[in-house]
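In: structure, please.
(chains A and B)
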There are 2 protein chains.
Amino acid sequence: MDLSDTDWLQQFGPLADLAPSERTPMVGGAVPMELPAGVTVFAPDQPCNFFILVCEGQVRVYQLDAEGNEIVLYRIGPGGMCILTTLALLADQSYSAFAVTETPVKAVGLPAATFHDLMGRSARFRSFVFNAQAARMADLMRVIQHVAFESIESRLASRLLTLTSGQSALSITHQQLAAEIGTAREVVSRHLKAFEKRGWVSLGRGRVELRKAAPLRAVAASAGR
Amino acid sequence: MDLSDTDWLQQFGPLADLAPSERTPMVGGAVPMELPAGVTVFAPDQPCNFFILVCEGQVRVYQLDAEGNEIVLYRIGPGGMCILTTLALLADQSYSAFAVTETPVKAVGLPAATFHDLMGRSARFRSFVFNAQAARMADLMRVIQHVAFESIESRLASRLLTLTSGQSALSITHQQLAAEIGTAREVVSRHLKAFEKRGWVSLGRGRVELRKAAPLRAVAASAGR
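Out: Sure thing, here's the model as predicted:
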């Protein structure tokens, strides 16, 4: 990726409108990154040296507890940035969170010094960072709401529909689905089997096929626990 | 509260070390606030004009969903600030969250313009804001972990012990306890009755008395669902 062509800035909202005095240090310090799928870009014990802007592809951010339970917090797509990376750069806080590339990812990394310089220098840059943080905070609050107040059945149906996004089948394990909705694998398996019994899905090894979307949508819409 | 005596800055970590050029606009723009218990200081439909630093007392921040389910997200005590207020000032994001004073509260409010000025001017002020944000983010992630992966019994026992903090009784309704751990009132009532049957608590109207702390501590320590 050639960063001297600053077209990539267009997808990061307010950053496209940076004044030349702000744009030059930003582009000058930026480092292009190309990562294959499956690379861990953020982990609790890993030093964080870059503020990362995602240009292409998708990163999954998830949390892991002491027992190895996983829960997906949010995903970062083109035009997004990772708030946890940012806060790890800015504050003395460690998180039990991981970020992993789900697809090949092209990104731009700003070294910590450039990032701090821009935070002091540019109101537009600050606004970009704060808006992204605010959106992630809202994501986390939505996760809390789902996990606390929606039934497993409803969360599972909803997530199956989101993940297939119009396609008829999904390559995913029960363990991965459990992480998506924040529950245990055996709980997911039990509910999937119930869905299969009703003819809504067919189950294969590491694969879920959608048979009837309408009842899944109805269950997804009923939040009741 | 007399703000010209800048002793109150001492409890806000890095703010105590502000250079005079940063301290003067901060103290000059600051507005003292004194609120009784039970005042809503942040709500989804309420404009947010101040960055609030809590000097004395406690504020509870909670989330409410469309069905009226409540879950406590965190509490802000002396030396703390509200990240949601901050993000509402900084970004175009609305939250389904409320903040209410649990005790009488003394606070200092910085008007939005002063806040933005300091964010641009002072690396120390930014560091204070980011550290507070990072800590709240960690709080939210802990809430997610508790709600997703710990049993109601364990969360209830743990919260009873925290809220009594050494005292033997607690003035609280089942509805309020449900909000503390992010579940429904009837679920809390069922578990409290089970605790009572085992002789661990006695229940009264709007009141829970702790009888045996040891088994409650044991249950609190066992995260198992």
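
In: so residue A:122 sits against residue A:18, correct?
Out: Yes - judged on Cβ atoms under 8 Å, residue A:122 makes contact with residue A:18 at a distance of 6.5 Å. Every residue, glycine included, has its C-beta placed from N, CA and C.

In: does any part of the longest helix along chain A sit near chain B?
Out: Taking DSSP state H as the assignment, the helix of chain A that covers the most residues is helix A:123-149. Yes - residues of helix A:123-149 are located near chain B by Cβ under 8 Å from any Cβ of the partner chain, namely A:123, A:126-127, A:130-131, A:133-135, A:137-138, A:140-141, A:143-145, A:147-149.

In: mind checking which of the residues you listed are buried?
Out: Buried members of those, counted by 16 or more other Cβ atoms under 10 Å in any protein chain shown: A:126-127, A:130-131, A:133-135, A:137-138, A:140-141, A:143-145, A:147-149.

In: output the lowest mean pLDDT helix or strand found in chain A.
Out: Here the helix or strand of chain A ranked lowest by mean pLDDT, DSSP states H and E is helix A:83-90, holding a mean of 77.

In: do that helix and chain B meet at all?
Out: Yes - against chain B, helix A:83-90 shows contacts by Cβ under 8 Å from any Cβ at A:83, A:84, A:87, A:88, A:90.

In: excluding chain neighbours, what is closest to the third one?
Out: Using Cβ to Cβ, 6 or more residues apart in numbering or on different chains and skipping residues adjacent in sequence, the residue nearest residue A:87 is residue B:134, 4.1 Å away.

In: next one: residue A:65
Out: Using Cβ to Cβ, 6+ apart, the nearest residue to residue A:65 is residue B:145, at 5.2 Å.

In: thought that neighbour was touching residue A:63?
Out: Yes - using Cβ under 8 Å, residue B:145 is in contact with residue A:63, at 6.4 Å.

In: which neighbours do the two share?
Out: A:71, A:96 (Cβ atoms under 8 Å, 6 or more residues apart in numbering or on different chains).

In: below-threshold pLDDT in chain A: ranges please.
Out: Residues of chain A meeting the criterion pLDDT under 70: A:4, A:92, A:223-225.

In: and if we set it to 50?
Out: Chain A contains no residues with pLDDT under 50.

In: re earlier: what is the least confident helix or strand of chain A packed up against?
Out: Secondary-structure packing of helix A:83-90 (3 or more Cβ pairs under 8 Å, 6 or more residues apart in numbering or on different chains; DSSP states H and E): strand A:40-42, strand A:50-56, strand A:97-101, helix A:123-149, helix B:123-149.

In: out of these, which is closest to residue A:72?
Out: helix A:123-149 (8.2 Å; Cβ to Cβ).

In: that closest one to strand B:97-101, inter-axis angle?
Out: Angle, helix A:123-149 to strand B:97-101, by axes from the mean of the first three to the mean of the last three Cα atoms, to 10 degrees: 90 degrees.

In: what residues are up against the nearest residue to residue A:212 once chain neighbours are set aside?
Out: Spatial nearest neighbour of residue A:212, excluding adjacent residues (Cβ to Cβ, 6+ apart): residue A:200 at 4.8 Å. Residues near residue A:200 by Cβ under 8 Å, 6+ apart: A:210, A:211, A:212, A:215, A:216.

In: residues near residue A:199, how many?
Out: By other Cβ atoms under 10 Å in any protein chain shown, the residues close to residue A:199 number 10.

In: does it touch residue A:211 like I think?
Out: Yes - between residue A:199 and residue A:211 there is a contact at 5.8 Å, judged by Cβ under 8 Å.

In: centre of the chain to stretch A:20-30, how far?
Out: Centroid separation for stretch A:20-30 versus its chain: 27 Å, with Cα atoms, centre = their mean, to the nearest Å.

In: not counting its own residues, what contacts that stretch?
Out: A:3-4, A:6, A:9, A:15, A:18, A:108-111, A:113-114, A:117-118, A:121-122, A:124-125.

In: only whichever of these are buried, select them in ChimeraX.
Out: In ChimeraX, this line selects whichever of the contacts of stretch A:20-30 come out buried by 16+ other Cβ under 10 Å:
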select /A:3,9,15,18,108,109,110,114,117,118,121,122,124,125
